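Participant: quick one: sequence and predicted model below, then my questions.
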There are 2 protein chains.
Amino acid sequence: MRRTKAEAEETRSSIIRAAERVFYAKGVSNTTMEDVANAAGVTRGAVYWHFSNKTDLFLELYNSVPMPQEDMIAREIEQPGREVLCQIEKAAGDWLGELAGDEQRQRIFSILLRCEYGEELMPVLEKQQEVDDRHTASLERAFSRARSEDALGTSWTPQSATRTLRWMMKGLCSEWLLFGRRFDLEAQGREGLKHLFSSFREKAASIGSPPD
Amino acid sequence: MRRTKAEAEETRSSIIRAAERVFYAKGVSNTTMEDVANAAGVTRGAVYWHFSNKTDLFLELYNSVPMPQEDMIAREIEQPGREVLCQIEKAAGDWLGELAGDEQRQRIFSILLRCEYGEELMPVLEKQQEVDDRHTASLERAFSRARSEDALGTSWTPQSATRTLRWMMKGLCSEWLLFGRRFDLEAQGREGLKHLFSSFREKAASIGSPPD
DNA sequence: ATTTTAACATACAGCTGCGTTTGTATAAAT
DNA sequence: ATTTATACAAACGCAGCTGTATGTTAAAAT
């Protein structure tokens, strides 16, 4: 039964969406192509028609979602509204809110966190790393602006602030995603951000000396 | 060629150590029992003599390492030296130093971080979770003591401080382990801890209001 | 109206890794 | 000194998954 081009494109994307669900449910390396086909309501023939193998399917899945972790900063920041640190804090908090409300993103992120990157999937890792680096650079520029506006506490450097923020965000999201979403991501996240940015803003650097 | 009991025990542990290396190098689900056997210099027969299957081998590997993330607090804390917050900070920093100096721990942690837990490996996840919970509780008690000694800034609660510290530690270690150890874990980690604990100690809560 | 080709379903061959079985030499038990 | 059980090596069978080849139907192209 030959389908029309639109129909074909639809089955293709339905296969991708099915892969997303199955990868999320069973793990990438534990799912077979037939699993994906069944979940999509087609046969392996259709899957192999649209994708050459599982790695390719994974790649296309990764590309199908619009810039998984791109933004977070790029949009709101850069244009000097007013308080830079407040903008970063707001952007980070909003990003958490979006993640908390978007189940597809949650699945994608979980898959990317979990899957074992063995040789074949290295392009994905590299792309992730590249996006990460761009994102880090953007954050550092923002914190540098905060510094030049004398808004960043003297005990922080733009680099250390960037790293600490990113570590906290990553740990937060990992724990939430991988351990059953057992707390309110946005609420707890915003609270943590509030404290952290409070420290970013501290003028009097009363850094305690680590003992011994 | 029947071996003596001591020899047998040695091949058993050599298989476990081989599994550790191969799991780390190729990922758990991408390694076959023959891979492990080859890396250990034996045949699959020996592997299947000592372990019933790959899951069992993984479990035994997990059990063979003395409490992967147990401690970090339990030892130094609890006994009231003096400054509680300093003790926690020191314990966390020391823990980072130990991780940075112990390649076996690095491998184990990397394996545990990125392996796909599918049904069979759930016991490992549960045990991890249990250790995590005990650890969190221990941290919360320590921060509670800090609070009762009026050493914890008023804007923090023992719970929020615990969570933030754990998130940062987790993000820090994840990034370091999974992305090629491209920075100095102990140095950068201690610096981040210094800033964070500085915030923990802040008396004047100048929490900025998140905009909008 | 035919021909071609896209979009699949179905069938097939091949291999890989798994778990088991069998063989065997030797340590340990009697 | 036998016997027995242990600690493996080697061989076997097989189920599952992959990739491809072939079949089929209908949409496009001519």
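Facilitator: Perfect, thanks for sending it. Residues are numbered from 1 along each chain as shown, chains lettered A, B, ... in the order given.
Participant: near chain B at all, the helix or strand hosting A:A146?
Facilitator: According to DSSP states H and E, A:A146 maps onto helix A:122-148. Yes: residues of helix A:122-148 contacting chain B under C-beta under 8 Å from any C-beta of the partner chain: A:Q129. C-beta coordinates here come from the backbone N, C-alpha and C atoms, glycine included.
Participant: so where's chain A shaky on pLDDT?
Facilitator: A:67-82, A:204-212 (pLDDT under 70).
Participant: now A:A39: which helix or strand?
Facilitator: For A:A39, the host element (DSSP H and E) is helix A:33-40.
Participant: so does whatever helix or strand comes next after that helix get close to DNA strand D?
Facilitator: Of the helices and strands lying after helix A:33-40 in sequence (DSSP H and E), the nearest is helix A:44-50. Yes: Helix A:44-50 reaches DNA strand D (C-beta under 7 Å from any atom of the strand) through A:R44, A:G45, A:Y48.
Participant: buried ones among those residues?
Facilitator: Among those, none scores as buried (criterion: 16 or more other C-beta atoms under 10 Å in any protein chain shown).
Participant: closest to chain B out of those residues?
Facilitator: A:R44 (20.8 Å; C-beta to the nearest C-beta).
Participant: which residue packs closest to that closest one, ignoring adjacent ones?
Facilitator: Of all residues not flanking A:R44 in the chain, A:A37 sits nearest, at 4.9 Å (C-beta to C-beta, 6 or more residues apart in numbering or on different chains).
Participant: now for the one you found, how many residues are close by?
Facilitator: For A:A37, the count of nearby residues is 20 (other C-beta atoms under 10 Å in any protein chain shown).
Participant: run a quick neighbour tally on the spatially closest residue to A:R12 that is not a sequence neighbour.
Facilitator: Using C-beta to C-beta, 6+ apart and skipping the chain neighbours, the partner closest in space to A:R12 is A:H50 (4.7 Å). For A:H50, the neighbour count with other C-beta under 10 Å is 18.
Participant: surely A:H50 meets A:I15?
Facilitator: Yes: with contact defined as C-beta atoms under 8 Å, A:H50 and A:I15 form a contacting pair (6.0 Å).
Participant: A:A142 is in contact with A:V84, correct?
Facilitator: Yes: A:V84 lies in contact with A:A142 (C-beta under 8 Å); the separation is 5.9 Å.
Participant: A:R147 is in contact with A:P158, correct?
Facilitator: Yes: under the criterion of C-beta under 8 Å, A:P158 makes contact with A:R147 at 5.7 Å.
Participant: which residues in chain A form helices?
Facilitator: Secondary structure of chain A (DSSP state H): helices located at A:5-26, A:33-40, A:44-50, A:54-64, A:84-101, A:103-114, A:122-148, A:158-178, A:185-201.
Participant: just give the nearest non-adjacent residue to A:Q188, would you?
Facilitator: Spatially, and ignoring its direct neighbours in sequence, A:Q188 is nearest to B:R163 (6.6 Å; C-beta to C-beta, 6+ apart).
Participant: same check, this time on A:G189
Facilitator: A:L96 (4.2 Å).
Participant: what do you get for A:R107?
Facilitator: The nearest residue in space to A:R107 (C-beta to C-beta, 6+ apart) is A:Y24, at 4.2 Å.
Participant: with A:F143 instead?
Facilitator: Nearest to A:F143 is A:P158, by C-beta to C-beta, 6+ apart, at 3.7 Å.
Participant: list the contacts of that neighbour.
Facilitator: By C-beta atoms under 8 Å, 6 or more residues apart in numbering or on different chains, the residues touching A:P158 are A:E140, A:R141, A:F143, A:S144, A:A146, A:R147, A:L152.
Participant: can I assume the third one is in contact with A:L152?
Facilitator: Yes: the criterion here is C-beta under 8 Å, and A:F143 meets it with A:L152 at 6.2 Å.
Participant: what is in contact with the two at once?
Facilitator: A:P158, A:A161.
Participant: how is chain A divided into domains?
Facilitator: Per the record, chain A has its domains at A:5-64, A:84-201, by automatic domain parsing.
Participant: centre of the chain versus the last one, how much separation?
Facilitator: Same thing as domain A:84-201. Mean-position distance between domain A:84-201 and its chain equals 8 Å (C-alpha atoms, centre = their mean, to the nearest Å).
Participant: from start to finish, how long is that domain in a straight line?
Facilitator: End-to-end distance for domain A:84-201: 11 Å, by C-alpha to C-alpha, to the nearest Å.
Participant: touching, the residue nearest to A:G189 and A:A187? I think so.
Facilitator: No: here A:L96 does not reach A:A187: they are 9.2 Å apart, not a contact under C-beta under 8 Å.
Participant: and the two? which has more neighbours close in?
Facilitator: A direct count of neighbours by other C-beta under 10 Å for A:L96 and A:A187 places A:L96 higher, at 24 against 13.
Participant: so who does that one touch?
Facilitator: Per C-beta under 8 Å, 6+ apart, neighbours of A:L96: A:M169, A:L172, A:C173, A:L185, A:E186, A:G189, A:R190.
Participant: any idea how far the third one is from B:T154?
Facilitator: Right, A:C173. In this view, A:C173 and B:T154 are 28 Å apart by C-beta to C-beta, to the nearest Å.
Participant: tell me, how many residues neighbour A:E126?
Facilitator: Around A:E126 there are 11 residues (other C-beta under 10 Å).
Participant: no, scratch that, I was asking about A:T157
Facilitator: Using other C-beta under 10 Å, A:T157 has 16 other residues around it.
Participant: before we move on, the earlier item: make TSV from the domains of chain A and add distance to B:V124 to it.
Facilitator: As requested, the domains of chain A are exported to TSV (distance: least, C-beta to C-beta, whole Å):
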stretch	distance to B:V124
domain A:5-64	14
domain A:84-201	13
